[in-house]
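Enquirer: 3D model of this:
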Amino acid sequence: MRAVVFTDRNSVQVTEVPDPRLIDPTDALVRVRRAAICGTDLHTIAHPDHLPPGTVLGHEYTGDIVALGSAVQRFAVGERVSGADFTACGTCWWCRSAQHWQCTARKFFGTGTTFGPALAGAQAELVRVPFADTVLAPIPDDLTYDAALFFGDVLATGFAAFQRAATRPGDTVVVIGGGPVGQLASLCAQACGAGPVVLVEPVQQRRDIAEAHGAVTATPDTARSVVHALSDGHGADAVLEAVGGPVGLDTAFGLVRAGGTIVSVGVHAQPSYPLPVARAFTNELTVRFAVGDAMRDRDRLTGLVRSGAIDPTVIIDRRAPLEDAPAAYADMRERRSLKAVLDIG
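Expert: Numbers count the residues shown, from 1 in each chain. Next up, the predicted model:
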C-alpha cells in the first residue's frame, strides 16, 4: 500500500510499505478515506528524536472497516468509522474513569515512540486499529467523512480545553493561537455558552477565519486592551492556550483575571516553565492542562456537529491526493495552509 513516511528532519515522502494485518483479536483494519495533517505531525518530524525513518505518519482519519478481529463486537465490515488519535484498552481503571490518555496500553498513531510504544499511522491506504471497539466510532449517515475527521484530535482537543475551564454562561473566554485547535476551541466555546470569545493570533489570515466564524480577534500586542474593554477591565474568565511553550503561557497569564482559569492544550517540549507562583497564589488562579480524548467526548461532539452548532470543516483550506502529501506538509509548516486534508479514497 502507499503511505506517507518520515524520512529526515522536516521531510516526508510517499512510498510503498507492507499492508497492515490483523494481529490481535481486538484489531480492525480500516481503509482510509480521509487523513489530516496535524500540528503534532509537524512538531514530531521537526523534533524526531523518537521517530525512526520509515515511520508511517498520521493520526486523524476516517474510513471504512475492511477486516475485523474475532473479539470485535461493535462493528461490521463496510461500516464507516472515525478513529481516536491514540489507543486505549477500554477496560482498565483509567479507561473506566474516562481518562483514556493514562491507559497503560496507550499507543499514539504515527508518532514513533514519542508518546509511548510505536504504532503505524493513518496517512496511508490502510491502518490497523487496536482495541477497535473503544478506539473507533461509527459515522452517522448524515455526516460526511470530512465532518467526522477531526473528532479524533483537534476538535476533541479544542472541546477538552473549553470543558476543562469550567466556565459559566456568558463568561469572557480568550483563545491563544489561531491554528486548527485554537479555531475549533473558539467554535466550541461559542457553541457551549461562552460570552465574548477573543482569539489572539499574529497571522492576519488566521484572524480573518476566526472573525468569519464569530470570534473577536486581536494580535498579541492588542490583546490586553481588547480583553479589558470586553470585560470591564477585569480580564478573561478563562484563557485557552493552544500554542504550547513559554510564549503561549506568558500571554495567557497576561490576560486572565484574578480567580480565573488557564487551560493549556498546546504541546510543550520544554521540561519546565517558571510559574509565577506569587501571582497565582495572590490572584487565586487555576492552571490546568488537557489532552483531547475522542473516546470520552465524541458522543457530545457528534451531537454538536450533527445539530449544526459546530462545523469543524471550516478549518480545511487545503486538499491533496496522497501523493501530494509532501507539498501539503510544506504548506502547513510554512503557514501557507491552516489545515490540509489528504483525499485517499
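
Enquirer: Helix, strand or coil: sort out residue 21 for me.
Expert: On the three-state scheme (DSSP: H, G, I helix; E, B strand; the rest coil), residue 21 is labelled coil.

Enquirer: Is it correct that it is in contact with residue 128?
Expert: Yes - shown here, residue 21 and residue 128 form a contact pair, counting by CB atoms under 8 Å, at 7.2 Å. From N, CA and C alone the C-beta is placed, and that goes for glycine too.

Enquirer: Compare those two and say which is more crowded by neighbours.
Expert: More neighbours surround residue 128 than the other of residue 21 and residue 128, with 22 against 10 (other CB atoms under 10 Å).

Enquirer: Pretty sure that one sits against residue 29.
Expert: Yes - between residue 128 and residue 29 there is a contact under CB under 8 Å: 5.9 Å.

Enquirer: what do the two both touch?
Expert: Both residue 128 and residue 29 are contacted by 20-22, under the criterion CB atoms under 8 Å, 6 or more residues apart in numbering.

Enquirer: Go through those residues and say which is closest to residue 280.
Expert: Among the shared contacts of residue 128 and residue 29, residue 20 lies closest to residue 280 (CB to CB), at 46.7 Å.

Enquirer: quick one: contacts for the residue lying closest to that closest one once chain neighbours are set aside?
Expert: The shortest distance from residue 20 to any residue other than its chain neighbours is 3.9 Å, reached at residue 128 (CB to CB, 6 or more residues apart in numbering). Residue 128 is in contact with 20-23, 27-29, 119-120, counting by CB under 8 Å, 6+ apart.

Enquirer: part of a helix, is residue 128?
Expert: No - per three-state DSSP, residue 128 lies outside any helix segment and is strand.

Enquirer: shared neighbours of residue 21 and residue 128, which are they?
Expert: Joint contacts of residue 21 and residue 128 (CB under 8 Å, 6+ apart) are residue 29.

Enquirer: isn't residue 121 right next to residue 107, touching?
Expert: No - between residue 121 and residue 107 there is no contact under CB under 8 Å: 10.7 Å.

Enquirer: between these two, which one's more packed in?
Expert: Legend: neighbour count by other CB under 10 Å for residue 121 and residue 107, higher for residue 121 (28 against 19).

Enquirer: Excluding chain neighbours, what is closest to the more buried one?
Expert: Nearest to residue 121 is residue 110, by CB to CB, 6+ apart, at 2.1 Å.

Enquirer: again with residue 243
Expert: With CB to CB, 6+ apart, the residue lying closest to residue 243 is residue 177, at 4.0 Å.
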